[in-house]
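> need a structure here:
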Amino acid sequence: MKLIRDLATLPDELRCGAAAIGNFDGVHLGHARIVERLIARAREVGGPAIVFTFDPHPVRLLRPDLAPPPLTWTDRKAELLAQLGVDATIAYPTDKALLALAPRQFFDSVVRRGLGARAMVEGSNFYFGHNRSGTIEVLQGLTREAGIVLEVVEPVVVAGEVVSSSRVRRLVSEGRVAQARDLLTEPYRIRGEVVAGAGRGATIGFPTANLHGIDTILPALGVYAGCACLEQRVWPAAIHIGPNPTFGEQALKVEVHLIGWQGPLVGRMLEVDFWVRLRGTERFGSATALVAQLARDVARAQEIAQSQGSGQRAGKLVDVVD
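Numbering: from 1, shown residues only. Sure thing, here's the model as predicted:
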């Protein structure tokens, strides 16, 4: 995985290839189609396949009140793009000077001088430059003038609707992580630092890692089957998002039970994939009833983990939606 943040230090071997510019949040099937064509164009011109993205998302500077919660953090985005075959991801530090550039200025500065691009691949809804005034038609004129090959990729449609980051974001926020998985190149993932909790889970036989500092959108409240990535291994997991009403607690928590893990976790960074929503958050009449339900949740999560190992996709499972 090559992640670069400064165009001025871009090595020569990463210039003069094919470039795709955009946010690529979530890295969904529409992005995968763009990358597929990007790699093909890079081979035609004999150069690298480069994705140029923005960090942070431009809306966070222009209209922070309207900025959508991200689906991926920058390193994860670069990792997912590398898995698709991209040679390098440039996460350009977004500032107001960049966003003030007119379309031609942006094109000359980034595409021609910065990247030395010989080909470009973009989606049909691509905009660039000040106030998004650079349309795909404007880009067609600029690339034609510069002798740069431009390929415009049509969106991917699944179940009658265009695949987009906003669609994935909506599904995740509703808890429909299995349906979101059908639109993504990998299961939806969050990350956070494990912090000390009340320790109640360990006393009832289900110790949990409490995650703090999560910087992407959280799925809806409920219990999920998934996995946790730790020490270069993947551990089946049952994940709870929400308060603990059985014990009179109202604070929202993200608690992850790593099935089979033994040992301390506090202070470590944990990455967690979501496969399917099992149920909503509930208040139980007693700790005994809660423990019985947790045992069923963990058994179901382990069962789903075994199906993942046999090659079945999480997206073929069905989320429980209240």
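
> tell me which element residue 226 is part of?
Using DSSP states H and E, residue 226 falls within strand 222-230.

> Residue 120 too?
Per DSSP H and E: strand 119-123 holds residue 120.

> what's downstream of that strand, the next helix or strand?
Following strand 119-123 in sequence, per DSSP H and E, is helix 136-146.

> Following element in sequence after the strand holding residue 226, please.
Strand 222-230 is succeeded, C-terminally, by strand 233-244 (DSSP H and E).

> ok, the strand holding residue 226: who's next to it in the sheet?
With DSSP bridges as the test, strand 222-230 is paired with strand 233-244 (antiparallel), strand 269-279 (antiparallel).

> Confidence-wise, which of those strands is weakest overall?
Taking each of those in turn, the lowest mean pLDDT turns up on strand 233-244, with a mean of 93.

> what does that one contact?
200, 206, 208, 218-229, 249-261, 272, 274, 278, 281, 294, 297-298, 300-302, 304-305 (C-beta atoms under 8 Å, 6 or more residues apart in numbering). Heads up, the C-betas are built off the backbone N, CA and C, glycines and all.

> Buried among the residues you listed? Make that a PyMOL selection.
To isolate the buried members of those in PyMOL, using 16 or more other C-beta atoms under 10 Å:
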select buried, resi 200+206+208+218+219+220+222+223+224+225+226+227+228+229+253+254+255+256+257+258+259+261+272+274+278+281+294+297+298+300+301+304+305
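
> can you put the strands paired with strand 222-230 in JSON lines and add distance to residue 98?
JSON lines is the format used below for those (distance: least, C-beta to C-beta, whole Å):
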{"stretch": "strand 233-244", "distance to residue 98": "36"}
{"stretch": "strand 269-279", "distance to residue 98": "30"}
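
> between those strands, which gets nearest to residue 71?
For residue 71, the closest of the strands paired with strand 222-230 is strand 269-279, at 11.7 Å, according to C-beta to C-beta.

> rewinding a little: averaged pLDDT, the strand holding residue 226. What do you get?
On average, strand 222-230 scores 94.

> residues making contact with that strand?
175, 177, 187, 209, 234-242, 256, 258, 261, 265, 268, 270-281, 297, 300-301, 304-305, 308, 320, 322.

> If we use 6 Å, what do you get?
Outside strand 222-230, the residues within contact range by C-beta atoms under 6 Å, 6 or more residues apart in numbering are 175, 234-237, 239-240, 256, 258, 270-281, 297, 301, 304.

> what's the answer for stretch 208-218, then?
With C-beta under 6 Å, 6+ apart as the criterion, stretch 208-218 contacts 69-71, 73, 172, 190, 192-195, 197, 201, 241, 254-257, 265, 270.

> now the helices for the protein?
29-45, 59-62, 74-83, 96-99, 103-106, 136-146, 165-173, 177-181, 200-203, 287-309 (DSSP state H).

> deepest of those helices, which one?
helix 177-181 (a mean of 26; mean count of other C-beta atoms under 10 Å).

> And that one, what does it pack against?
helix 165-173, strand 269-279 (3 or more C-beta pairs under 6 Å, 6 or more residues apart in numbering; DSSP states H and E).

> Could you report the separation of residue 128 from residue 2?
23 Å (C-beta to C-beta, to the nearest Å).

> can you check residue 95 too?
Residue 95 is 23 Å from residue 2, by C-beta to C-beta.

> which of these two has more neighbours?
residue 2 (15 against 11; other C-beta atoms under 10 Å).

> Could you tell me the angle between the strand holding residue 226 and helix 287-309?
60 degrees (axes from the mean of the first three to the mean of the last three C-alpha atoms, to 10 degrees).
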